[in-house]
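A.B. asks: Need a 3D model of the sequence below.
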Amino acid sequence: MNERPSGSSVSLAQAREVILTGALEIEGRLLAASNATLRARATGGGASVVCVVKPVAGERPLWDFPDGTLSGREVAAHAISEALGWDLVPPTVWRDDTEVGPAMVQLWIDEDHAARPVDVVRPGHVPEGWAGILEARDAEDQPVILTHAIRSDLARMAVFDAVVNNADRKGGHVLCDAEDRLWAIDHGVTFSEEDKLRTVLWGWAGDQLSEDQLEGLEVLEGALAAGIHDVDRFLSESERQALQERVRDLLDHARFPLPSPHWPAVPWPVF
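C.D. replies: Below is the predicted model:
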């Protein structure tokens with residue numbers, strides 16, 4: 001993890017160390033988030049980076065996830081991204097010493113809004129090289145199509161979501177930085193024992209997994225068997241078992257999952 005975030009002189013490894021050990025100064029709150037989400041600056045070792053802080057105390061209770069576990073699931077999701085070798089999730093750490101109490105801290109990603117890899121367009125305007133996912137109607141009752149780019153890093157993200165059982169992969173949770181690198185964020189509702197995959201990334205549904213994707217899953221399977229600290233720390237034993245079973249199922253079938261007929265396959269709203 002030696003690459004640098006877009007526009008930064010700090011490597012990802014350095015950024016992780018800064019958000020893990022540096023002094024944190026809260027700068028404000030992101031009001032659009034459903035749970036308390038704070039913007040902060042971490043400073044240490046001669047470096048300073050912007051980060052996101054999600055405190056346990058600011059989590060809204062959910063009926064289908066244990067209270068006080070969402071921030072920890074974000075840290076576990078980052079650990080899975082690293083174990084796969086894909087580094088889709090920005091550096092994410094756990095801290096007990098923030099001014100708002102125990103919290104997840106994640107490197108802030110500056111998004112290039114003009115390079116959005118998931119979009120809603122009018123019929124007949126799906127870009128070449130993109131997949132149409134869902135036909136719907138907008139607030140003015142006009143027909144629209146949910147669509148996303150077909151690219152290898154986005155396909156990896158779809159596999160990652162199947163692994164972590166992501167119940168809320170909205171279009172706004174896929175960021176593209178100024179260097180055209182994709183980042184996956186917002187993984188609080190993941191790792192349920194029950195199948196809950198809801199995503200906008202269905203463009204490969206039923207397709208065969210690539211050798212690269214299968215190789216990543218095999219590496220992950222071995223890492224899970226040996227133990228991954230942040231996965232073992234933040235998930236229950238039954239959740240870890242379900243995680244291992246999902247990885248094995250993906251390897252056995254070697255195909256992207258299909259949408260389930262038993263629950264909504266696409267999150268709402270999609271952004």
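
A.B. asks: Now do the helices in the chain.
C.D. replies: Here the chain has its helices, by DSSP state H, at 12-21, 70-84, 152-164, 211-226, 229-234, 237-253.

A.B. asks: Buried residues, the second one. List them.
C.D. replies: Residues of helix 70-84 classed as buried under the neighbour-count rule (16 or more other CB atoms under 10 Å) are 70-84. Bear in mind the C-beta positions are built from the backbone N, C-alpha and C, glycine included.

A.B. asks: again with the third one
C.D. replies: By neighbour count, and taking 16+ other CB under 10 Å as the criterion, the buried residues in helix 152-164 are 153, 154, 155, 156, 157, 158, 159, 160, 161, 162, 163, 164.

A.B. asks: my guess is residue 79 contacts residue 224, does it?
C.D. replies: No: judged on CB atoms under 8 Å, residue 79 makes no contact with residue 224 at a distance of 10.1 Å.

A.B. asks: hey, what's in contact with both of those two?
C.D. replies: residue 231 (CB atoms under 8 Å, 6 or more residues apart in numbering).

A.B. asks: I figured residue 233 hits residue 93, correct?
C.D. replies: No: contact between residue 233 and residue 93 fails when scored by CB under 8 Å: they sit 11.8 Å apart.

A.B. asks: which of the two has more neighbours?
C.D. replies: Neighbour tally, residue 233 and residue 93, criterion other CB atoms under 10 Å: the higher count belongs to residue 93, 21 against 12.

A.B. asks: And the more buried one, how far from residue 220?
C.D. replies: 20 Å (CB to CB, to the nearest Å).

A.B. asks: circling back: quickly list what's touching both of residue 233 and residue 93.
C.D. replies: Between them, residue 233 and residue 93 share the contacting residues residue 75, judged by CB under 8 Å, 6+ apart.

A.B. asks: thinking again about what came up before, now pLDDT and distance to residue 257 too, for the buried residues of helix 152-164, in TSV please.
C.D. replies: Rendered in TSV, the data for these read as follows (pLDDT from 0 to 100; distance: CB to CB, whole Å):
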residue	pLDDT	distance to residue 257
153	97	19
154	98	15
155	98	13
156	98	14
157	98	14
158	98	9
159	98	9
160	98	12
161	98	9
162	98	5
163	98	10
164	98	12
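
A.B. asks: So which of those is the closest to residue 177?
C.D. replies: Closest approach between the buried residues of helix 152-164 and residue 177, by CB to CB: residue 153, at 11.8 Å.

A.B. asks: check contacts around that closest one.
C.D. replies: Listed by CB under 8 Å, 6+ apart, the contact partners of residue 153 are 88, 181, 182.

A.B. asks: again, but for residue 51
C.D. replies: Under the contact definition (CB under 8 Å, 6+ apart), the residues listed for residue 51 are 19, 24, 39, 40, 41, 42, 105, 106, 107, 108.

A.B. asks: what domains does the record give for this protein?
C.D. replies: 12-107, 113-253 (automatic domain parsing).

A.B. asks: Between the two ends of the last one, how far is it?
C.D. replies: Yep, that's domain 113-253 we're talking about. The separation between the terminal residues of domain 113-253, taken as CA to CA, to the nearest Å, is 36 Å.

A.B. asks: before we move on, back to that, which one, of the helices of the chain, ends up nearest to residue 205?
C.D. replies: Evaluated over the helices of the chain, closeness to residue 205 peaks at helix 152-164, with 8.7 Å, by CB to CB.

A.B. asks: Before I go, just wanted to say thanks for your time.
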